[in-house]
Every structure is written in C-alpha cells, then in structure tokens.
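Participant: Got a sequence here, can you build the structure:
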Amino acid sequence: MKSADPQEIKSIIQGLASRDEGERNSVAWKLQRAADADELVVAELVRHLCDEHPPVRRSAQRTLREVVPQSCDVVLPLLLSRTGTANAGGRMEVLKALEHFAERGDARVTKAMLARLADAEASVRAQALSSLAVCAEEDDDRVLTQVLERLEDVDEHVRGAVAKALPSVASRGNHQVMRCLARLCRNEKPPPQRETLKEAACRALATFAPGDAEAISLVGECIHEDYPQASIAALKALLLLVPSGDHHGLDTVAGALRHPDLQLREMATHVLERLAASPHAAGHIAGPTSSCFEGVWSGGTIRGSKIFWNCDDLITDVQLKGPSILSTLCVDKQGRQMNCWARLVHPELLRWDFGEEWLREDVAEKDSTAGLPTLSLAAMQTEEASVVPMSDVSLCTSKLRRRSDVDHSVGN
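Facilitator: Residues are numbered from 1 along each chain as shown. Here you go, the predicted structure:
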C-alpha cells in the first residue's frame, strides 16, 4: 500500500487550480503514482468539487472518478457531507459524483437527493431529478410524490427533467403517476398556471406512457383553442405517444384540424403525415369502412377510392388514414405536390385542413347519374393516374395556402 506525505498530496491536488489544462489533467496520473486513494486524497478532491471556478470543479470530478475506486468506503460520507455546500455549481458536481459512486436504492443518497429538490437554484433541482433517475429505487412512493410535485415547478427545465426521470423512477403504468398526470391534464387552476401544467403533463406522458391509449386520450384533451401552448405540447407528445397506424391516435391528432390557429392546423397535418407513414397506417378508402365518406358533397363526389372535384375535371386518389380521416395528394400548376387531409366531423360535414368545409348534399333529389361531374375526354384518359395536376393552387376554393414546413416546430 502506497502512502505519501500529506503536504505532497495537497501540493499535487493544488494543480487542479492551475490555469493550464494540461496541468489539471496530470493530477490524476501524479496521484496514482504517489499514493493510494486514502481519506486525505478523497477529502481534497471532494473539496475541489465545490470550488467556485467551473474548470476546477470539472477537473476534480474527472480526477475523483479516475483515482478513487467505487468500492472506497470513505467517498460516500464525504460526498454526502457536501450536498448542501454554498456553491450551486458545487452542489451539482456533488450530485453527479453520487450518481457514480452510489448503488441504486441507497437510502442515505436518496434522502440527500430529495432534499435538493427544494433547492433555491433551478439548475440544482433539475440535476437532483436526473440523479434520482440513476440512484432511486423504482416505484418508491416517497420519491414519486416529490418528483411529481416538481411538475408544478416555476422553471420549465425542471419540469422537463421530471419528464425525463419518470421512466426510470416508476414502472410503466404506475397508477400513482397516471393519476397525477390525468389530474394535471384536466386541472382548472387560474391562468397561466393552468396551461403550464397541461403542457408539463403532456411532456411527461410522452416519455412515460408511449403507446398507451389512456395517455393518448389525456393528451388529446389538452388540444383546445383556449390553450395554444398546451395544444402545441400535446401535438409534440402525440408524435411520440401514438404508434404508427394507430387509428385512435390518428383520430386524436385529426381533432386539431378544427383548431382556429393556422399554425397549429399545419402542425397537426405534419404530425398526421408522420404517423401515417407506416404501411400499417395506409390503405385505400375502398372497403367496408369507406361508406361513411362516399357520396355527393358540396365540393365534389367521393366514389370508391377517388374524389371527383367540382372543378377543372380534377380527380385524385384517396387513402383512408383512420375511421374518420382521409387524405389525398394533389399537384398545383407549378408542379408542387401537397397532401390534403379531411376529417369527418359528423356524417354531414367533411372539414379539410385548408379551411374548407364540405356539406353532404341530398342525393335523393338527384338521379343516379347526377352524382358524378361531367368529365371531359382529357379527364377520362387520366382517371387512373394517382395524381392529377391542379389548374389552380387554391383547390377550387382560392383559399388553400401551401403549408410551410413545420418540421422545426415538432422536432423541438
């Protein structure tokens, strides 16, 4: 067992305070040559974890992990004694070090981390949540209660840290977690806290319960014209929650197509396109489920897998994306392709994502041939084409605007 003069140890570790990065990086090597990781070495390194200068703290963290074995008996007590140090950066480094040296479920470590959830600094609270995800025992009621309380934190980064930590501290479907998230989704607190809590719950559900039908329904309830930020968070969450091709999820997203805000409708369309990309989601409209769409509408006629638009001999293919959702692909006169989506709001109303509403017409007053528009020879020759060029970008309404790319809104 190697031992060294205490003054020599302190002199070596003092190199962590050097302005030269190479000198700081050499401390670990020098310590390993000079002495074993005894209590003096550990104590000095832990003390430097709480230094006021970030480069010193980072170097001390790296050196501590390189020099001190995880089985060292003295490291945990020394770290625990520093969790409340005056320096916020130091408190964060101590928490990170505890992640490395503590075993999952250690009651002393868990207690110390829970105490930091009430820290005055948001960055420390967020770090405590990340550390609990590594060290806390799964489904510990005390841990879950205090972690879930942070969903009401004033800092959005802390609320986001809860969403990241939940899958690690609670098992899938944990009733305590789901009850809390349902309560927040439906909360009626005064604005703006009401919308903030709905947004936080959506983010948490996206990471905690992907594919869960209850979670999808809860998030869908947050899409409302009075809650624009919560609606955006809900659509982002649905992109992670809904399995590709899931009809219930697609219907939930399609509900946002009626939102009065154009940007949110565009975002909903983009999410639908992403979710419907799976081969399991696609399917032509022909079949038993197509009957609710077929018929004569104010803007065109739907027959089989085709829409016969009431203008310019336009015929487009239709795909069924859900029990009440269809899409079609059109091309404007500049050759630009665009997907258009429609949702059957009720049997007599079809609402398009570009803002137009089609009303079902009374076909009883028409003869059997009046349902289809008169087609020119050119139209009949191109009926089998999957996409028919549009003569006007407005899709016969002069109102359709080409949607802007909203990838950045959903990806953030």
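
Participant: need the longest helix for this structure.
Facilitator: Longest helix of the chain, by residue count under DSSP state H: helix 193-208.

Participant: Okay, buried residues for the helix or strand that that helix is followed by please.
Facilitator: Downstream of helix 193-208, the next assigned helix or strand under DSSP states H and E is helix 213-221. In terms of neighbour count (16 or more other Cβ atoms under 10 Å), helix 213-221 has its buried residues at 215, 216, 218, 219, 220, 221. Glycine gets a C-beta too; all of them are placed from N, C-alpha and C.

Participant: Could you do stretch 165-178 as well?
Facilitator: Buried, per 16+ other Cβ under 10 Å, within stretch 165-178: 165, 166, 167, 168, 169, 170, 174, 177, 178.

Participant: and it, what's its mean pLDDT?
Facilitator: What stretch 165-178 shows for mean pLDDT is 96.

Participant: quick one on the thing from earlier: buried residues in the longest helix of the chain?
Facilitator: Quick answer for helix 193-208 (16+ other Cβ under 10 Å): 194-208.

Participant: List the contacts of that helix.
Facilitator: 151-152, 159-160, 162-164, 166-167, 170, 172, 177, 181, 184-185, 187-189, 212, 215, 218-219, 222, 227, 229-230, 233-234, 236-238, 240-241 (Cβ atoms under 8 Å, 6 or more residues apart in numbering).

Participant: quick revisit: residue 347: which of the buried residues of stretch 165-178 is nearest?
Facilitator: Relative to residue 347, the closest of the buried residues of stretch 165-178 is residue 178; by Cβ to Cβ it sits at 34.2 Å.

Participant: Quick one: mean pLDDT for the host helix or strand of residue 13?
Facilitator: Residue 13 belongs to helix 6-13 when assigned by DSSP H and E. What helix 6-13 shows for mean pLDDT is 86.

Participant: Stretch 144-156 now?
Facilitator: Here the average pLDDT along stretch 144-156 is 97.

Participant: May I have the distance across it, first residue to last?
Facilitator: 19 Å (Cα to Cα, to the nearest Å).

Participant: Contacts for it, please.
Facilitator: Contacts for stretch 144-156 (Cβ under 8 Å, 6+ apart): 114, 117, 122, 125-126, 129, 132, 158-159, 161-162, 165-166, 169-170, 174, 176-177, 180, 184, 193, 197, 200-201, 204.

Participant: same check, this time on stretch 78-95
Facilitator: 39, 42-43, 46-47, 49-52, 54, 57-58, 60-61, 97-98, 101, 108-109, 112-113, 115-116, 119, 121, 123-124, 127-128, 131.

Participant: could you redo the last one with a cut-off of 7 Å?
Facilitator: 42-43, 46, 49-50, 52, 54, 57, 61, 97-98, 101, 108, 112-113, 116, 119, 121, 123-124, 127-128, 131 (Cβ atoms under 7 Å, 6 or more residues apart in numbering).

Participant: Kindly report the same for stretch 102-110.
Facilitator: Contact partners of stretch 102-110, identified using Cβ under 7 Å, 6+ apart, comprise 76, 80, 98, 135, 136, 137, 143.

Participant: May I see the PyMOL selection of the buried members of these?
Facilitator: The following PyMOL line selects those of the contacts of stretch 102-110 that are buried, judged by 16+ other Cβ under 10 Å:
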select buried, resi 76+80+98+135+136+143
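
Participant: Give the residue spans of this protein that score low on pLDDT.
Facilitator: 1-4, 35, 37, 276-291, 312-313, 331-333, 335, 362-412 (pLDDT under 70).

Participant: Find the residue at the geometric middle of it.
Facilitator: residue 237 (4.6 Å; Cα atoms, centre = their mean).

Participant: name the helices or strands packed onto the helix or strand harbouring it?
Facilitator: For residue 237, the host element (DSSP H and E) is helix 228-241. Other elements packing on helix 228-241 under the criterion 3 or more Cβ pairs under 7 Å, 6 or more residues apart in numbering; DSSP states H and E are helix 193-208, helix 213-221, helix 247-254, helix 262-275.

Participant: rerun that using 8 Å as the cut-off
Facilitator: helix 193-208, helix 213-221, helix 247-254, helix 262-275, helix 407-411 (3 or more Cβ pairs under 8 Å, 6 or more residues apart in numbering; DSSP states H and E).

Participant: how about these, which one is nearest residue 353?
Facilitator: So among those, helix 262-275 is nearest, using Cβ to Cβ, at 4.9 Å.

Participant: Tell me the helix or strand right after the closest one.
Facilitator: Where DSSP H and E defines the elements, the next helix or strand beyond helix 262-275 is strand 295-297.

Participant: Give the other helices and strands that that next one contacts.
Facilitator: Using 3+ Cβ pairs under 8 Å, 6+ apart, strand 295-297 sits against no helix or strand.

Participant: again, only using 10 Å
Facilitator: For strand 295-297, the packing partners by 3 or more Cβ pairs under 10 Å, 6 or more residues apart in numbering; DSSP states H and E come out as strand 300-303, strand 306-309, strand 349-352, strand 357-359.

Participant: Compare those strands and report which one is nearest to residue 5.
Facilitator: Nearest of these to residue 5, taken as Cβ to Cβ: strand 349-352 at 81.6 Å.

Participant: roughly how far out does that closest one sit from the chain middle?
Facilitator: Centroid separation for strand 349-352 versus its chain: 29 Å, with Cα atoms, centre = their mean, to the nearest Å.

Participant: Show me which residues of stretch 7-17 are buried.
Facilitator: 9, 12, 13, 15, 16, 17.

Participant: actually stretch 238-247, not the one I wrote
Facilitator: 238, 239, 240, 241, 242, 245, 246, 247.

Participant: you'd agree the first one is up against residue 253?
Facilitator: Yes. Under the criterion of Cβ atoms under 10 Å, residue 238 makes contact with residue 253 at 5.4 Å.
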